[in-house]
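J.: one predicted model, sequence on top.
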Amino acid sequence: MGQDNEEDLMNLPKGVVGWENDKDPQNPRNYAPSRKWFLLFLVSIVTLISPFASSVFSPAASYAATEFHETSSILSTLTVTSYLFGYATGPLVLSPLSELYGRQIVLNVATTFFVLFQIGCALAPNTSALIVFRALTGMGGSACLTTGSGVVADMFAPEQRGLAMSFYSFGPLFGPVLGPVCGGFIAENAGWRWVFWILVIAAGTMTTFVVVFNRETNHSVLIERKTKRLRVELARPELRSCYEKAADENSSKLGTFVYRMTTPMRLLFRSGIVAIIATYIAMVYGCLYLLFTTVTDVFQNTYHWGIGISGLSYLGMGTGFVIGQIIFGLVSDKIIVRLTKRNNGVFEPEMRLPLCIVYSAFIPISFFWYGWSVNAPTHWIVPIIGLFPFGFGMVGIFATLQTYVIDSYPRYAASGVAAITVTRSLFGALLPLAGPYMYKALGYGWGNSLLGFLTLAMFPMPFIFRRYGRMLRERNLAIFK
């Protein structure tokens, strides 16, 4: 496992430029472990600050609404969730660009964009401007969510990706939980605008670090650079990259560009398994943000906590994320190795899925536990512990299914994850708008029970992925080779 295919290797007599051999040190798969983990760390630090920015403003939104004399609860909610509209649009452009032109340049430009528009948020003169600037920062911040998945596919073989994805996906899951914890204290003591100034300082520092030290890992981009160099050195203009299809040679540059830029949408609508997985993750993610709409209010109004202290109520879910992440990182790759040996050394992406079945069983528990414990209400520790199973279950679902998509389409890993990111971001942005009305009508007990029954109805989905994943994946695999 983990070696490149023969068609990826150099064959100058046939005019094909590729890797020198399967041990080529220029191939990111063959980098020293220290270099691999350092490059992944660079992407991961941005991948922590970007999701952190998605929720850090949520405890401060009421302060901004007061300053702007905003009376609409929908517009006030949009100052928080509009960030996710940026997450829903940015990957459609940035992911295929990273596959065409490289992870490095796309990440550098997008994160710079992310930092600059945080300044716009800090200086926003009204609610409308704040909503627009939040959406624009979300677009820039979305690059790390998808290009990072491409970096994992570039550098790590399938039997190593579980641990790598566990490390990398810590940010997208823990960031939204950590955000309200910090945002409440900042807004309460320094004002809501300082939430964004602190993001400018933190993200600006991290972005500078990434721009200076990050390096390109995209295989097709590295081989294309090598091809251009050898065309000049060997005076052989006919040389082509091993990643360049014969069909690409006969297509116009514009036609090829448009085709490649539509990869995320083609994966979403033409790959059955990606479509089903994206919808499933989006539903769970939407439930997460619906849950987020209640936590701060519950602990402020029911338990009479201050706005800063109430952010600490997310730590139950955060603990679930951390423990679930650790278990996934320790177990996922071991399962892959064992199942591959049992399959005569042949790896199949579906070997990644058994863990998802276990993790998905924890999701419904939290809604019933948390909902009825705050409805009673019980002691404050009970609902906080009740959030733990959701955090634990979601991290396993998220990491398992994203890694499965990367295993299935390693060359288009960024676009595959973009398809998932777009759908989950739309659900995460839109479903919370219905939260206040749902909980007003049903209360915390039955409102959260409704979400519990919904996630309980989705419990069979991982079994479907496990049973029919290979059939659905192979039906359209030729389109994306």
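T.: Received the coordinates, thanks.
J.: give me the neighbour count for residue 113.
T.: Look at residue 113: counted by other CB atoms under 10 Å, it has 19 neighbours. (C-beta placed from N, C-alpha, C; glycine too.)
J.: my read: it touches residue 144, true?
T.: No. Counting by CB atoms under 8 Å, residue 113 stays clear of residue 144, with 11.9 Å between them.
J.: tell me the residue in the protein that is farthest from the middle.
T.: The outermost residue of the chain, judged against the average C-alpha position, is residue 235 (43.5 Å), by CA atoms, centre = their mean.
J.: centre of the chain versus stretch 190-206, how much separation?
T.: Its chain's C-alpha centre and that of stretch 190-206 lie 22 Å apart, by CA atoms, centre = their mean, to the nearest Å.
J.: tell me the secondary structure at the residue farthest from the centre of the chain.
T.: In three-state terms, and counting by DSSP: H, G, I helix; E, B strand; the rest coil, residue 235 is coil.
J.: show the pLDDT at residue 140.
T.: You'll see residue 140 listed with a pLDDT of 93.
J.: should've said residue 329
T.: pLDDT recorded at residue 329 is 88.
J.: find the nearest non-adjacent residue to it, please.
T.: Residue nearest to residue 329 in three dimensions, not counting chain neighbours: residue 166, with 3.1 Å by CB to CB, 6 or more residues apart in numbering.
J.: repeat that for residue 357.
T.: residue 462 (4.4 Å).
J.: dump the residue contacts of residue 50.
T.: Counting by CB atoms under 8 Å, 6 or more residues apart in numbering, residue 50 touches 114, 141, 142, 144, 145, 171, 175, 203.
J.: is it correct that residue 296 is in contact with residue 308?
T.: No. Residue 296 lies out of contact with residue 308 (CB under 8 Å); the separation is 10.8 Å.
J.: tell me how many other residues surround residue 307.
T.: Neighbours of residue 307 under the rule other CB under 10 Å: 20.
J.: list the contacts of it.
T.: By CB under 8 Å, 6+ apart, the neighbours of residue 307 are 59, 62, 184, 187, 188, 296, 300.
J.: kindly reformat these as JSON lines containing pLDDT.
T.: Formatted as JSON lines, those follow (pLDDT from 0 to 100):
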{"residue": "59", "pLDDT": "81"}
{"residue": "62", "pLDDT": "84"}
{"residue": "184", "pLDDT": "79"}
{"residue": "187", "pLDDT": "84"}
{"residue": "188", "pLDDT": "82"}
{"residue": "296", "pLDDT": "76"}
{"residue": "300", "pLDDT": "83"}
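J.: from the contact counts, what lies against the helix ranked longest in the chain?
T.: Longest helix of the chain, by residue count under DSSP state H: helix 413-457. Applying 3 or more CB pairs under 8 Å, 6 or more residues apart in numbering; DSSP states H and E, we find helix 413-457 packed against helix 73-101, helix 143-155, helix 263-270, helix 272-297, helix 363-375, helix 388-408.
J.: tell me how far the fourth one lies from the chain's centre.
T.: On the basis of CA atoms, centre = their mean, the separation between the geometric centre of helix 272-297 and that of its chain is 13 Å.
J.: pull out the buried residues from that helix.
T.: The neighbour-count check on helix 272-297 (16 or more other CB atoms under 10 Å) flags 273-297 as buried.
J.: which other helices and strands does that helix contact?
T.: Using 3+ CB pairs under 8 Å, 6+ apart: helix 272-297 touches helix 73-101, helix 170-190, helix 263-270, helix 307-310, helix 363-375, helix 388-408, helix 413-457, helix 461-475.
J.: for the fifth one, same thing?
T.: Applying 3+ CB pairs under 8 Å, 6+ apart, one finds that helix 363-375 contacts helix 272-297, helix 381-386, helix 388-408, helix 413-457.
J.: dump those into CSV; add distance to residue 228 as well.
T.: Output for the helices and strands packed on helix 363-375, formatted as CSV (distance: least, CB to CB, whole Å):
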stretch, distance to residue 228
helix 272-297, 33
helix 381-386, 57
helix 388-408, 28
helix 413-457, 22
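J.: closest one to residue 239 among the ones you listed?
T.: Nearest to residue 239 among the helices and strands packed on helix 363-375 is helix 413-457 (26.3 Å), distances taken as CB to CB.
J.: orientation of the closest one relative to helix 461-475 in degrees?
T.: Put simply, helix 413-457 runs at 150 degrees to helix 461-475, going by axes from the mean of the first three to the mean of the last three CA atoms, to 10 degrees.
J.: quick one: helix 413-457 to helix 170-190, angle?
T.: 80 degrees.
J.: still on that earlier bit, wait, which of the helices and strands packed on helix 413-457 is closest to residue 319?
T.: With CB to CB as the yardstick, what comes closest out of those is helix 388-408 (6.0 Å).
J.: center of the chain, which residue is that?
T.: Nearest to the mean C-alpha position of the chain, counting by CA atoms, centre = their mean, stands residue 145 at 4.3 Å.
J.: contacts only, for that residue.
T.: 47, 50, 51, 87, 91, 172, 417, 421.
J.: can you check the pLDDT for the second one?
T.: It stands for residue 50. For residue 50, pLDDT reads 90.
J.: element containing it, please.
T.: According to DSSP states H and E, residue 50 maps onto helix 33-55.
J.: show me how far that helix is from its chain's centre.
T.: With CA atoms, centre = their mean, you get 11 Å for helix 33-55.
J.: now the angle between helix 413-457 and that helix, please.
T.: Put simply, helix 33-55 runs at 60 degrees to helix 413-457, going by the same axes, to 10 degrees.
J.: flag every buried residue along helix 33-55.
T.: Applying 16+ other CB under 10 Å to helix 33-55 flags 36-37, 39-40, 42-55 as buried.
J.: and the next helix or strand past the lowest-mean-pLDDT helix or strand in the chain?
T.: Within the chain, no helix or strand scores below helix 246-250, which has a mean of 50 by mean pLDDT, DSSP states H and E. Going down the chain from helix 246-250, the next helix or strand is helix 253-261, by DSSP H and E.
J.: before we move on, back to that, next one, pLDDT for the residue nearest to the centre of the chain please.
T.: 85.
J.: what does residue 479 give?
T.: Note for residue 479: predicted pLDDT of 58.
J.: ok, residue 14 next?
T.: Predicted confidence (pLDDT) at residue 14: the value is 87.
J.: what about it, neighbour count?
T.: Neighbours of residue 14 (other CB under 10 Å): 9.
J.: and what of the one 10 residues further on?
T.: A count of nearby residues for residue 24, using other CB under 10 Å, gives 16.
J.: and what of the one 3 residues further on?
T.: When neighbours are defined as other CB under 10 Å, residue 27 has 22 of them.
J.: now it. Its backbone dihedrals?
T.: Note on residue 27: its backbone torsions stand at phi -80, psi 120 [degrees, to the nearest 10].
J.: how about the residue nearest to it when sequence neighbours are not counted, what does it touch?
T.: Closest residue to residue 27 apart from its sequence neighbours, by CB to CB, 6+ apart: residue 19 at 5.0 Å. For residue 19, the contact set (CB under 8 Å, 6+ apart) comprises 4, 8, 9, 10, 26, 27, 223, 242.
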